[in-house]
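Asker: okay, predicted coordinates and the sequence, questions at the end:
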Amino acid sequence: MVTRRRMIGAALATGGGLLLMRATVRPADPATAATAATATAADADADAAALAAAGHDHAGPTDPGPDPGPDTGPALAPKFTTAMPVPPLLSPVSTDGGADTYAVTMLRSSARLLPGRRTDVLTYNGAFPGPVIRARSGRKVVVRQTNLLDEPVSVHLHGARVPADSDGGPMSLITTGRTRTYTYPNDQSHASLWFHDHAHHLESEHVYRGLSGFYLLTDETERALPLPAGQYDLPIALRDARFDADGNLVYRMDDPFNRTTILANGRPWPRVEVAARKYRLRLLNSANLRFFSLRLADGGPITQIGSDGGLLERPFVTDTIDLSPGERADVVIDFSRYPVGTSVTLTNTLPPGPAEHVGQVLRFDVTRTAHDPSSVPAVLRTLPAPGPVVRERTIVLQADEDGRAEPRGMIDGKTYDPARVDAQVAFGTSEIWTVTNANQQIPHNFHLHLVQFRVLARNGRPPSPAEAGLKDTVRLLPGESVRLQATFDAYRGRYPYHCHLLDHSAMGMMAQMEIT
Ligand code: C2O
Ligand code: CU
């Protein structure tokens, strides 16, 4: 199903603007892959570098194959008929030795995404989307990841403070048949994190086909709050997809216009039965390219309580939640304002795609009453003030948008080179990075591994309350600029930073810092 051809491109619509970019890279050399598969685990990183080098430079256009026709999702999946599943909770195989140990196998599976059909997907332990790992601050989690797919993978825990050898960077590949053990110290406060594939040039298709899952980290601060919990605390991963006439997922890197089926926890336009009380919803944008701007159809209030790095200091009430790929929003919606029997749709106001499809996300059906002891306190947590800054940098994100056949994604004018260090950072220091999207039409965003940062300013103005907490990914619409402060006091080593529109990072919009 997945071949090593790489048709890399991206097309996005922002507001009225429309843009199509495409590029190709050479497939990874099968001989190199075979060598890597028989190497020892200790050689994994070196082989990864060889694999990546093979696919790194740009080669001639590759035939993407015949066009599979328009997205059939809207025709095959009547809206608001399927119940939204909650992704399964992963159970540890051991809780001995001061750690919760999990065993995960990456394998092909088929999932019932569309009514009456089965769709081939890539999974962690057979689940689409992946299972949920629940962790507690201060308690180590060990995940043994086994790759039974026919391509190399890498598992990145997005938003986490982890040693470099467990970061799951683009070059730290697990080749077919191999197992790699990731150790997550969880020496950070609560946060709704997620894990996903990160194998260089392959991450985009792998994530699209299913390799992502929630990692919900909690701590005493969070648990002491009377927020909605248990069955009233729902993780919801949002994304888009394109299906062919048989209900198979169609992956072409340059066609977000055709990904017009919206999935919530892997189901198209599901319905979510809720009680007339408060719910906590942990929203994740797990799409490759699509930006969501979410609103309740009646414009009703949504209380945002958290962002990428956990709870905000104070909740705030809004009617719109903006999420670029990789970002999370933690919100509370009080359904007690709706009479039992009411339905309210969660809508998306952003293109691309026909509004009758991409403009709808899921529907809440208020089906019963329920006791509600939960509340949203006026103060949720206290964040330390960012410390003194020792260094400032500027980062420029830019993709070719002149219509050339092989556009590149660049950071500071360069495409990603795993052998190059782009930023030397002194361990223990705090820096301000001013990140700018230099494109006219192409939106980007910016994700730093390892750290949760603070947004100091967006376009010269103070951040909105939604961006005032801890963040690991920020959106950057064309021409926008964000000043952020990060403190590098966790681990030494090399970590990537990149645009989280995964096609863009695969096109080279990724760089690497070294903390020493
Ligand atoms: Cu969620 Cu480097 O990625
Ligand atoms: Cu980008």
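Answerer: All right, it came through fine. Numbers count the residues shown, from 1 in each chain. Ligands and ions are numbered 1, 2, ... in the order given.

Asker: would you enumerate the residues in contact with Gly306?
Answerer: 192, 282, 312, 328-331, 380, 469 (CB atoms under 8 Å, 6 or more residues apart in numbering). Using the backbone N, CA and C atoms, a C-beta is placed for each residue, glycine as well.

Asker: looking at these, which has the most residues close by?
Answerer: Asp330 (29 neighbours; other CB atoms under 10 Å).

Asker: partner strands of the helix or strand hosting that one, parallel or antiparallel?
Answerer: Under the criterion of DSSP states H and E, Asp330 resides in strand 328-334. Strand 328-334 has its sheet partners listed here by DSSP bridges as strand 278-285 (antiparallel), strand 302-307 (antiparallel).

Asker: now do the helix or strand following the longest one against strand 328-334, angle only.
Answerer: Sequence-wise, the next helix or strand downstream of strand 278-285 (DSSP H and E) is strand 292-296. Computed with axes from the mean of the first three to the mean of the last three CA atoms, to 10 degrees, the direction of strand 292-296 lies at 10 degrees from that of strand 328-334.

Asker: which elements pack onto strand 292-296?
Answerer: For strand 292-296, the packing partners by 3 or more CB pairs under 8 Å, 6 or more residues apart in numbering; DSSP states H and E come out as strand 321-323, strand 343-348.

Asker: and among these, the most buried is which?
Answerer: Greatest average neighbour count among the helices and strands packed on strand 292-296 goes to strand 321-323 (a mean of 22), per mean count of other CB atoms under 10 Å.

Asker: just checking, what packs against it?
Answerer: Packed next to strand 321-323, using 3+ CB pairs under 8 Å, 6+ apart, are strand 278-285, strand 292-296, strand 328-334.

Asker: got the angle for the longest one vs strand 343-348?
Answerer: Note on geometry: by the same axes, to 10 degrees, strand 278-285 and strand 343-348 are set 30 degrees apart in direction.

Asker: next one: the second one
Answerer: In this structure, strand 292-296 runs at an angle of 160 degrees to strand 343-348, with the same axes, to 10 degrees as the basis.

Asker: run me through the strand neighbours of strand 292-296, direction for each.
Answerer: strand 321-323 (antiparallel), strand 343-348 (antiparallel).

Asker: what's in contact with that strand?
Answerer: 238, 283, 285, 302, 319-323, 333, 344-350, 361.

Asker: any chance of the strands paired with strand 328-334 in CSV, plus mean pLDDT and distance to Val366?
Answerer: Output for the strands paired with strand 328-334, formatted as CSV (pLDDT from 0 to 100; distance: least, CB to CB, whole Å):
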stretch, mean pLDDT, distance to Val366
strand 278-285, 98, 11
strand 302-307, 98, 16
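
Asker: any chance of the ones you listed in CSV, with distance to ligand 1 too?
Answerer: Listed next are the strands paired with strand 328-334 as CSV, based on distance: least, CB to the nearest ligand atom, whole Å:
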stretch, distance to ligand 1
strand 278-285, 10
strand 302-307, 15
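
Asker: CSV for the ones you listed, including distance to Ser481?
Answerer: What follows is the strands paired with strand 328-334, written out as CSV (distance: least, CB to CB, whole Å):
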stretch, distance to Ser481
strand 278-285, 21
strand 302-307, 19
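
Asker: out of these, the one nearest ligand 2 is which?
Answerer: strand 278-285 (13.8 Å; CB to the ion).

Asker: Gly247 in helix, strand or coil?
Answerer: What DSSP: H, G, I helix; E, B strand; the rest coil gives for Gly247 is coil.

Asker: same question, Gly428
Answerer: coil.

Asker: check Val340 too.
Answerer: coil.

Asker: tell me the confidence at it?
Answerer: If you check Val340, the pLDDT there is 98.

Asker: so which of the strands paired with strand 328-334 gets nearest Glu222?
Answerer: Of all the strands paired with strand 328-334, strand 302-307 sits nearest to Glu222, with 9.0 Å by CB to CB.

Asker: how about TSV for the helices and strands packed on strand 292-296, with distance to ligand 2 and mean pLDDT added?
Answerer: Conversion of the helices and strands packed on strand 292-296 to TSV gives the following (distance: least, CB to the ion, whole Å; pLDDT from 0 to 100):
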stretch	distance to ligand 2	mean pLDDT
strand 321-323	15	98
strand 343-348	20	98
